[in-house]
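Enquirer: Below is the structure, and that's it, no one-letter string:
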């Protein structure tokens, strides 16, 4: 009679077999867990992308305003041209009726019906005046018709451009909303220390500003420390990066563009070694972020969602790609 293997023996065989199979299978590489530094880097990258989309949307809005201004002017020009056309057409009609009614004479008829030499000269003068008036009226009418045609074309082009910009703005709004969701999700993945550093108001101490326009603009920007960042906000209780800079210089009596793109071309360029209070610091190759220099090492800026307006080291904000001086 053949003996049956014990349960212990069977279990041992199963374990051994499993070990052999496991050894034969490829080993899956261990997935590295993202570090706090990686999460913060990703957060900053998403913020930069959101800022760029925000500035693109603002630029499209500015372009739309300009096109609407062109459209309004074209409509005004068209109305004026149409009115001029109607007036001049009436004048030409009157001159034409006068011509067919016998008011126009040629030199021979003027001579035949004249009673004297003076009468002939008078009739000839009238003929020349009538002919000149008619020619001028026809020229003005032609110009008015051409002006009306040009205004019509301009109005139509501005209308079509406005429609395209409106569609572009709608697309940018959707893209920005999606990007903001990603920023918020990444923010929630940051550790407590990182979130506390981001939400901190930073240096709130009194800072002496220089006299003049730049100093006055810097005074305004520093006064907004602690105010929240909101994409597309124009103040007075929340800001995005470029609205803070625009309103600061408006406070100092200087008008500059609304977007970081416009501000990247404002004033005159200066080098990194020349930076002084009030200079506009432009960041990233996309020119999607701006800050205002306090001195050669510090700047005040509206950074991004979750961060209040605060002071930061110039180089810590991001790669500086341009510096513009509004005053001096």
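Expert: Nice, thanks for sending it over. Note that this is a predicted model, so its numbers are computed, not measured.

Enquirer: residues touching the residue nearest the centre of the chain, list them.
Expert: The centre of the chain sits closest to residue 59, judged by Cα atoms, centre = their mean, with a distance of 1.3 Å. The contact partners of residue 59, by Cβ atoms under 8 Å, 6 or more residues apart in numbering, come to 259, 261-262. (Each C-beta comes from the backbone N, C-alpha and C, glycine too.)

Enquirer: same check, this time on residue 189
Expert: For residue 189, the contact set (Cβ under 8 Å, 6+ apart) comprises 39, 43.

Enquirer: swap in the one 4 residues further on?
Expert: Contacts of residue 193 were listed using Cβ under 8 Å, 6+ apart, and they are residue 36.

Enquirer: host element of it?
Expert: Using DSSP states H and E, the element containing residue 193 is helix 192-199.

Enquirer: for that helix, what is the average pLDDT?
Expert: Confidence for helix 192-199, expressed as mean pLDDT, is 90.

Enquirer: Tell me which residues of it come out buried.
Expert: Within helix 192-199, the residues scored as buried using 16 or more other Cβ atoms under 10 Å are 194-195, 198.

Enquirer: swap in stretch 280-298?
Expert: Applying a neighbour-count criterion of 16+ other Cβ under 10 Å, one finds 280-284, 286-294, 298 buried in stretch 280-298.

Enquirer: one step back: between helix 192-199 and the helix or strand encompassing the residue nearest to the centre of the chain, find me the angle.
Expert: Here residue 59, judged by DSSP H and E, is contained in helix 36-98. Helix 36-98 and helix 192-199 are oriented at 30 degrees to each other (axes from the mean of the first three to the mean of the last three Cα atoms, to 10 degrees).

Enquirer: And helix 36-98, how far out from the chain middle?
Expert: Here helix 36-98 is found 13 Å from its chain centre; the criterion is Cα atoms, centre = their mean, to the nearest Å.

Enquirer: mean confidence score for that helix?
Expert: 78.

Enquirer: how about the helices in the stretch 201-328 of the chain?
Expert: Per DSSP state H, counting those that start in this stretch, the stretch 201-328 of the chain carries helices over the ranges 213-223, 241-251, 260-263, 314-317.

Enquirer: what sits against residue 51?
Expert: The contact partners of residue 51, taken as Cβ under 8 Å, 6+ apart, are 240-241, 260, 288-289, 304.

Enquirer: With respect to residue 320, which of the residues you listed is nearest?
Expert: Nearest to residue 320 among the contacts of residue 51 is residue 289, at 10.0 Å by Cβ to Cβ.

Enquirer: How many residues are close by the closest residue to residue 285 other than its chain neighbours?
Expert: With sequence-adjacent residues excluded and distances taken as Cβ to Cβ, 6 or more residues apart in numbering, residue 285 is closest to residue 321, at 5.8 Å. If you count neighbours by other Cβ atoms under 10 Å, residue 321 ends up with 15.

Enquirer: Name whatever forms a beta bridge with the closest residue to residue 243 other than its chain neighbours.
Expert: Leaving out its chain neighbours, the residue that sits closest to residue 243 by Cβ to Cβ, 6+ apart is residue 234, at 4.8 Å. Residue 234 has these beta-bridge partners by DSSP bridges: residue 239.

Enquirer: wait, isn't residue 234 in contact with residue 245?
Expert: No: between residue 234 and residue 245 there is no contact under Cβ atoms under 8 Å: 11.7 Å.

Enquirer: Compare the two (neighbour count), which wins?
Expert: The neighbour comparison of residue 234 against residue 245 (other Cβ under 10 Å) goes to residue 245, with 30 against 15.

Enquirer: can you pull the contacts of that one?
Expert: 221, 256, 263, 280, 290-292.

Enquirer: Give me the pLDDT value at residue 314.
Expert: Confidence score, pLDDT, at residue 314: 98.

Enquirer: Would you mind confirming that it is in contact with residue 301?
Expert: No: look at residue 314 against residue 301 with Cβ under 8 Å: they stay out of range, at 9.6 Å.

Enquirer: quick one: common contacting residues for these two?
Expert: By Cβ under 8 Å, 6+ apart, the residues touching both residue 314 and residue 301 are 281, 291.
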